[in-house]
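*Asks:* sequence? don't have it. structure:
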DNA sequence: CCCGCTGTGAAAAAGCTGTAAAAGGGCGAG
DNA sequence: CTCGCCCTTTTACAGCTTTTTCACAGCGGG
């Protein structure tokens, strides 16, 4: 949880993440996230527009070495997608890059 | 995939390869490649303007000894050529050297 | 011509991802 | 202490994508 404490606010399209307040706003409305969800979203938004490996995400959020049989990252990506979809229907924030990892993008950019 | 992780960016004509970001740009646009395609292209561009044997490419990308009946390198050369042709029509980046191997060149030089 | 080398489509095999659901844990209320 | 609730982790499996293998046709050099 300390992974969110010193972090400055992040804006990304209709999202605003304030890690130090455990708060995510979507178009001004609070999005209710659990601790893991918030930490994972924070890690992704901090690395927006870049492909991030599961390894890196796992190290950052879980704080321990990644075992490739571990599906936690995927499961939480799914949870985040669901909540983001509920909040902003039709928008796609988290992209899968097969064999590489995930990439967060607030704008519809091609990279 | 770790074959791309510590690598510095490479520029070659209208191509820019950023292995550590799993990213290839062609005239600024992302070229979508699979893991193998990216690794093979990276290996070729790192050795640009030199003829590279299948053995060397196979060792570098697949990480194991080459069996001469293995056509994987050829198949992936074909995939890369196709994607590069789609991205930059009329341009030829990967040259065959009969009996020797392949050579990547960004400029239209003959050798 | 001959025969090994190369290009390539397509099938088979391997591997990766999305997701639901079960299992495991922590914590506060009573 | 026990229960109930919620969050996290693990498991299972279907559906897809990628990788590998195979087959055959066309080339190219001797």
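*Replies:* Cool, got the structure. Keep in mind the model is a prediction, meaning the values are calculated, not measured.

*Asks:* going forward, measure contacts between C-alpha atoms and count neighbours the same way
*Replies:* Noted.

*Asks:* wait, what's in contact with the residue nearest the centre of chain A?
*Replies:* In chain A, the residue lying closest to the centroid (C-alpha atoms, centre = their mean) is residue A:41, at 2.1 Å. Contacts for residue A:41 (C-alpha atoms under 8 Å, 6 or more residues apart in numbering or on different chains) come out as residue A:80.

*Asks:* Is there any residue in the strand or helix carrying residue A:56 that contacts chain B?
*Replies:* Using DSSP states H and E, residue A:56 falls within helix A:54-62. No. With C-alpha under 8 Å from any C-alpha of the partner chain as the criterion, chain B is not reached by helix A:54-62; the gap is at least 11.3 Å.

*Asks:* Tell me the helix or strand right after that helix.
*Replies:* In the C-terminal direction, the helix or strand that comes right after helix A:54-62 (DSSP H and E) is helix A:72-87.

*Asks:* so, in contact with DNA strand D or not, the helix or strand following that following helix?
*Replies:* Next along the chain after helix A:72-87, taking DSSP H and E as the criterion, comes strand A:94-97. No. Strand A:94-97 is not in contact with DNA strand D by C-alpha under 7 Å from any atom of the strand; minimum separation 7.7 Å.

*Asks:* Paired strands for strand A:94-97, with orientation please.
*Replies:* Strand pairing for strand A:94-97, determined by DSSP bridges: strand A:101-104 (antiparallel).

*Asks:* residues in contact with the strand it pairs with?
*Replies:* A:44-45, A:47-54, A:93-97.

*Asks:* distance from the centroid: which residue in chain A tops it?
*Replies:* Farthest-out residue of chain A from its mean C-alpha position, per C-alpha atoms, centre = their mean: residue A:69, at 20.6 Å.
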